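Engineer: What follows is a predicted structure for the sequence shown.
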Protein chains: 2
Amino acid sequence: MRKKVLLVEDELRIREVVADYFKKDGWEVHETDNGSSAIDWFDAIYPDLVILDIMMPKMDGFAVTKEVRAKSGVPIILLTAKSSDDDKIHGFDLGADDYVTKPFSPKVLVARANSLMKRATEHYLPNGHMLSFGHAVVNTKSRQLELDKQQVELTPKEYDLLLLLLQHKNNVLSRETILNHVWGIDFEGDNRVVDTHIKKLRAKLGDESHHIRTVIGTGYKFE
Amino acid sequence: MRKKVLLVEDELRIREVVADYFKKDGWEVHETDNGSSAIDWFDAIYPDLVILDIMMPKMDGFAVTKEVRAKSGVPIILLTAKSSDDDKIHGFDLGADDYVTKPFSPKVLVARANSLMKRATEHYLPNGHMLSFGHAVVNTKSRQLELDKQQVELTPKEYDLLLLLLQHKNNVLSRETILNHVWGIDFEGDNRVVDTHIKKLRAKLGDESHHIRTVIGTGYKFE
DNA sequence: GCTCATATGTCCTTCATGTGTCCAAATAAG
DNA sequence: CTTATTTGGACACATGAAGGACATATGAGC
């Protein structure tokens, strides 16, 4: 299930660049150029994330935030040219979750969106939410893996990697994508680190390692 | 047993945002938009914490504080747009425990609520409530640890830390989280104080120290 | 207020473990 | 069969935690 972002921004070229980056990162992107149609879109598609420009004709970002918050707790990121603290407080008071000040790098915006989504999912995970496959159970609260009733210790990278794969069951994830999510966009090293960690994860998964499939030329898939 | 907060605030958008943050933090949230129904709610649910807007139609926050204080010593936080000292004194006089001035960050409000609750629970803990693990017993009344029938003296920080870990058995707690709960959100120092106190606690726990597990890159866990 | 004992916080060194790179062998694709 | 890609092993390097030593803060008793 792809994550949906609703992008509300009146400047066409900014919107296009941002949309591009989100698409590359695997998001389903819905775009609009003004606040009032944003509300209609919101009701129609129920996005996982909303990105709002503050300065817009008709209905500004603050007003949209207010309307959206009346309906839902969806993560909201505000784009602003103003960087004064007053604006920040104004926005946070209305319930925006993050701010990005123009000019910004689309890459950074995508990264922030992802970390926001991650936090949101982590927060809403009920006590010791379990993800399971075969004879294995992953406890997201204690960051542990249980294999046939045996506790298996995972290193941070191994755990993050496994979780990412589980959250995208049956989707092929490119090394690029995995790198962006588990290592962060700043990581400068070799793509092939992913291979190494997949290898270690497989070793720890033992009998259940067959769930991690190699998709040659592309990446990895959990199934 | 989840903590209950009664949230009394007439502005819908603020109420929703705040309610959201409290829910994310694991609270059971009861909401109402005016002072007189707040009293009814109070009698019905007996919350662990009350958050009151001062400016409300019919019955303002001060009046509600007075009524609630007549019945109970429950912690009360007042939300106010006015920040003059007069208001503060007026409120404290009636028995509010803390003030938060609008506009505020919901995050900070939740943090303050937690620190208030912590203080309150320490005061109101039932007589000699015991927590045990292995051969150890913690007496929350006397703040003492008994190990194999031997009394072990714990310093305040050691005790608070142990209690926090015990209360979140099997959950990994980040240094950040531990800091916020044991040291308070104001603490400015190094994250690594936590390590030092874990070390001291382990030393005092002796044979039972294996219950405190290090989760590398993340924090500590009691199991 | 002063002194002492204890609690708390910081720093630094050591050590263990986690992480990333490289290369040869194995496997899949064309 | 040839080439591209992944795997697995070995190794070097980076990071984070433990442990010890020490400086400072706090609080009780005088």
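Structural biologist: Looks like it arrived, so ask away.
Engineer: lowest-confidence helix or strand of chain A?
Structural biologist: helix A:85-94 (a mean of 47; mean pLDDT, DSSP states H and E).
Engineer: can you tell me how far the residue nearest the centre of chain A sits from residue B:154?
Structural biologist: Taking Cα atoms, centre = their mean, the centroid of chain A lies closest to residue A:114, which sits 2.9 Å from it. Distance of residue A:114 to residue B:154, computed by Cβ to Cβ, to the nearest Å: 42 Å. The way it works is simple: take the backbone N, C-alpha and C, and place the C-beta from them, glycine included.
Engineer: Then residue A:109?
Structural biologist: Going from residue A:109 to residue B:154 by Cβ to Cβ gives 48 Å.
Engineer: same thing with residue A:79?
Structural biologist: Computed as Cβ to Cβ, the residue A:79 to residue B:154 distance reads 50 Å.
Engineer: how does chain A divide into domains?
Structural biologist: Following automatic domain parsing, one finds the domains of chain A at A:4-123, A:130-222.
Engineer: And the residue of chain A closest to DNA strand D?
Structural biologist: Closest to DNA strand D within chain A is residue A:214: 3.4 Å, counting by Cβ to the nearest atom of the strand.
Engineer: So that residue sits against residue A:222, correct?
Structural biologist: No. Residue A:214 sits out of contact with residue A:222 when judged by Cβ atoms under 8 Å, with a separation of 11.4 Å.
Engineer: With neighbour numbers in mind, choose between those two.
Structural biologist: More crowded of residue A:214 and residue A:222, by other Cβ atoms under 10 Å in any protein chain shown: residue A:222, with 18 against 13.
Engineer: partners of that one in the sheet?
Structural biologist: Per DSSP bridges, the residues bridged to residue A:222 are residue A:212.
Engineer: what's the answer for residue A:5, then?
Structural biologist: Going by DSSP bridges, residue A:5 forms beta bridges with residue A:29, residue A:49.
Engineer: just residue A:152 next, same as before
Structural biologist: The partner list for residue A:152 in beta bridges (DSSP bridges) reads residue A:145.
Engineer: number of nearby residues for it?
Structural biologist: By other Cβ under 10 Å, the residues close to residue A:152 number 15.
Engineer: repeat for residue A:13
Structural biologist: 8.
Engineer: And it, what's its pLDDT?
Structural biologist: Residue A:13 is assigned 82 on the pLDDT scale.
Engineer: Name the helix or strand for it, please.
Structural biologist: Element membership of residue A:13 [criterion: DSSP states H and E] is helix A:12-24.
Engineer: Okay, buried residues for that helix please.
Structural biologist: Within helix A:12-24, the residues that qualify as buried are A:14, A:15, A:18, A:19, A:21, A:22, counting by 16 or more other Cβ atoms under 10 Å in any protein chain shown.
Engineer: now do stretch A:204-222
Structural biologist: A:204, A:205, A:208, A:211, A:212, A:219, A:220, A:221, A:222.
Engineer: So what's the gap between stretch A:173-184 and the chain middle?
Structural biologist: 12 Å (Cα atoms, centre = their mean, to the nearest Å).
Engineer: got the end-to-end distance for that stretch?
Structural biologist: Taking Cα to Cα, to the nearest Å, stretch A:173-184 runs 15 Å from one end to the other.
Engineer: Equivalent analysis for stretch A:174-190, please.
Structural biologist: OK, stretch A:174-190 end separation, Cα to Cα: 14 Å.
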